[in-house]
Structures are given as structure tokens and as C-alpha cells.
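Novice: Predicted structure and sequence below. I'll ask about it afterward.
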Amino acid sequence: MKHDFDRILNRLAKWRAHFAGWQLGTRGKDDPECQAVRDHREVTLLLRAEVNAISRALIENKVCSQDRFTELVCEEAILLEKQLEQRWPGVRATDEGLAYDNRVMDWMKKWRP
């Protein structure tokens with residue numbers, strides 16, 4: 001089945017406006033902060049579709065089993081979590097949310113109030 005690649009991806013990318021509005025409230029297209037959020041959401045949406053397609057192709061073509069794929073995703077998530085903890089000392093994820101240790105979070109003093 002042939003798809004209209006550009007049309008389909010452009011339609012998916014339209015969701016960027018919804019997510020930007022949800023995150024920032026109503027803003028004009030010329031608002032720089034809104035543009036940044038829209039751009040980031042678009043990349044995230046398209047990346048999700050691409051990664052899902054690659055994963056599906058690997059599993060359907062028996063390059064990787066569903067169980068092995070799940071195992072690899074878990075391993076990658078654990079590695080990424082460790083990298084984030086190194087990047088943001090004093091912050092770690094728990095099953096309930098993020099835990100913050102203010103004693104080692106000097107980097108946060110530079111954040112906006």
C-alpha cells in the first residue's frame with residue numbers, strides 16, 4: 001500500500017500546536033517560546049513515528065523478537081536515566097515521580113524563579 005508520505009507526516013505534525021497550547025496557553029505563531037515548543041513537539045511526534053516503524057520492521061522481519069526488543073528498550077531506558085542523573089546531580093526518578101536532593105543542586109540556582 002502506497003501512502004502520501006508528506007501529507008501524512010504533515011498531518012501528524014499539526015498536533016504540535018495542540019501540545020504547545022496545552023503547555024504554554026494561547027500564544028501567537030510569532031511568539032519565540034511557542035515556536036520552540038512547537039518545534040520540539042514536532043520533532044518528538046515524527047521521531048516517535050519513525051522509531052515505531054523501525055521497531056515494527058525489525059520485529060516483522062524477524063531481525064529481533066518482541067521480547068528482545070522490549071528487553072533492549074528497558075536497557076536503553078536505564079542507561080538514559082543514569083545519564084540524566086549524572087547531568088542533573090541531585091535529581092533521580094522514582095516510581096512516584098522525581099526526587100530532588102537540594103543539598104547537591106547548585107545548578108538550579110541559575111534557573112528562573
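Specialist: Ah, there it is. Numbering: from 1, shown residues only.

Novice: now what about stretch 105-113, what contacts it?
Specialist: Residues outside stretch 105-113 that contact it (Cβ atoms under 8 Å, 6 or more residues apart in numbering) are 88-91, 102. C-beta coordinates here come from the backbone N, C-alpha and C atoms, glycine included.

Novice: With stretch 43-61 instead?
Specialist: Under the criterion Cβ under 8 Å, 6+ apart, residues 9, 12-13, 15-16, 63-66, 69 lie in contact with stretch 43-61.

Novice: Poorly predicted segments of this structure, please.
Specialist: Low-confidence regions of the chain, defined by pLDDT under 70, span residues 1.

Novice: Mind splitting it into its structural domains?
Specialist: 1-64, 65-113 (automatic domain parsing).

Novice: How far does the last one sit from its chain's centre?
Specialist: By that I understand domain 65-113. 13 Å (Cα atoms, centre = their mean, to the nearest Å).

Novice: End to end on it, go ahead and measure it.
Specialist: End-to-end distance of domain 65-113 (Cα to Cα, to the nearest Å): 48 Å.
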